[in-house]
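K.L.:
Just the structure for this:
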Amino acid sequence: MLIQPATITDLPAILELQKLAYQSEAKLLNNFNIPPLKQTLINVEEEFKKGIILPIIKLLVL
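P.N.:
Numbers count the residues shown, from 1 in each chain. Down below sits the predicted model:
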């Protein structure tokens, strides 16, 4: 097992996971316009470059 910092190339998968994770919250709130569901890849890339995104790690199983 190897843990590494996420890179900009990981952002599409991270965004996809974010959207899946927030579906249940959106259902509970009956609101699918919450910011995590409306975020685009460009938004995520801008935040990543500015260091706004919390540290993200990826787990690699060797």
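K.L.:
any residues touching the helix or strand encompassing residue 42, and which ones?
P.N.:
Using DSSP states H and E, residue 42 sits in helix 41-50. Applying Cβ atoms under 8 Å, 6 or more residues apart in numbering, the contact partners of helix 41-50 are 8, 11-12, 14-15, 53. Glycine gets a C-beta too; all of them are placed from N, C-alpha and C.
K.L.:
And it, what's buried?
P.N.:
44, 48 (16 or more other Cβ atoms under 10 Å).
K.L.:
Make JSON lines from the contacts of helix 41-50 and add secondary structure, pLDDT and distance to residue 29 to it.
P.N.:
Output for the contacts of helix 41-50, formatted as JSON lines (DSSP: H, G, I helix; E, B strand; the rest coil; pLDDT from 0 to 100; distance: Cβ to Cβ, whole Å):
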{"residue": "8", "secondary structure": "helix", "pLDDT": "89", "distance to residue 29": "31"}
{"residue": "11", "secondary structure": "helix", "pLDDT": "90", "distance to residue 29": "25"}
{"residue": "12", "secondary structure": "helix", "pLDDT": "93", "distance to residue 29": "26"}
{"residue": "14", "secondary structure": "helix", "pLDDT": "87", "distance to residue 29": "22"}
{"residue": "15", "secondary structure": "helix", "pLDDT": "91", "distance to residue 29": "20"}
{"residue": "53", "secondary structure": "coil", "pLDDT": "67", "distance to residue 29": "23"}
